[in-house]
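**Q** everything below, folded, please.
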Amino acid sequence: MTPELVLEILEELQRQGGAIKDSILYQILKKRYNLSPREFNRILMILELRRLIYVETIKKGEKLIQLYSKL
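**A** Predicted coordinates for the structure are as follows:
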């Protein structure tokens, strides 16, 4: 996990109004970085533990990622 990748995730969330589906965010990041789904989920978990984002399950296999300050 690089600081640039974390910054990119947070900036993309801000551009999207503070919330985005995980599949959409993954596709955006996959274009710019060599990122596996496993690594993507690991980064999301770390950011959630640091209280930078909140990950909510919408339905099976679909999550909504929100900036913590927008809750």
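**Q** my guess is D22 contacts T57. True?
**A** No: taking contacts as C-beta atoms under 8 Å, D22 lies outside contact range of T57: 9.7 Å. To be clear about C-beta, it is placed using only N, CA and C from the backbone, and glycine gets the same treatment.
**Q** find the residues that touch each one of these two.
**A** 63-64 (C-beta atoms under 8 Å, 6 or more residues apart in numbering).
**Q** give me the more crowded residue out of those two.
**A** D22 (19 against 10; other C-beta atoms under 10 Å).
**Q** tell me where the chain has strands.
**A** Counting by DSSP state E, the chain has strands at residues 19-21, 53-59, 62-67.
**Q** got TSV for those strands, with distance to M45 and mean pLDDT too?
**A** Below are the strands of the chain laid out as TSV (distance: least, C-beta to C-beta, whole Å; pLDDT from 0 to 100):
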stretch	distance to M45	mean pLDDT
strand 19-21	16	95
strand 53-59	8	93
strand 62-67	11	94
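**Q** any chance of those strands in a markdown table, plus distance to L29?
**A** As requested, those are exported to a markdown table (distance: least, C-beta to C-beta, whole Å):
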| stretch | distance to L29 |
| --- | --- |
| strand 19-21 | 11 |
| strand 53-59 | 14 |
| strand 62-67 | 11 |
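**Q** I'd like to know which of the ones you listed is closest to F40.
**A** Proximity to F40 (C-beta to C-beta) singles out strand 62-67 among the strands of the chain, at 10.6 Å.
**Q** how near is E48 to Q66?
**A** 10 Å (C-beta to C-beta, to the nearest Å).
**Q** where do the contact lists of the two overlap?
**A** 54-55.
**Q** would you list every one of the helices in the chain?
**A** Using DSSP state H, the helices found in the chain span residues 3-15, 22-32, 37-49.
**Q** nearest approach to G61 belongs to which of the ones you listed?
**A** Of the helices of the chain, nearest to G61 by C-beta to C-beta is helix 22-32, at 8.7 Å.
**Q** for the closest one, give the mean pLDDT please.
**A** What helix 22-32 shows for mean pLDDT is 93.
**Q** for that helix, C-alpha coordinates in PDB please.
**A** The C-alpha trace of helix 22-32 is given here as PDB (Å, rounded to 0.1, in the frame of the first residue of the first chain):
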ATOM      1  CA  ASP A  22     -16.500  -0.800  -4.500                       C
ATOM      2  CA  SER A  23     -16.700  -2.300  -8.000                       C
ATOM      3  CA  ILE A  24     -16.600   1.100  -9.700                       C
ATOM      4  CA  LEU A  25     -13.700   2.300  -7.500                       C
ATOM      5  CA  TYR A  26     -11.800  -1.000  -8.200                       C
ATOM      6  CA  GLN A  27     -12.200  -0.500 -12.000                       C
ATOM      7  CA  ILE A  28     -10.900   3.100 -11.700                       C
ATOM      8  CA  LEU A  29      -7.900   2.100  -9.700                       C
ATOM      9  CA  LYS A  30      -7.200  -1.000 -11.800                       C
ATOM     10  CA  LYS A  31      -6.600   1.200 -14.800                       C
ATOM     11  CA  ARG A  32      -3.900   3.200 -13.000                       C
END
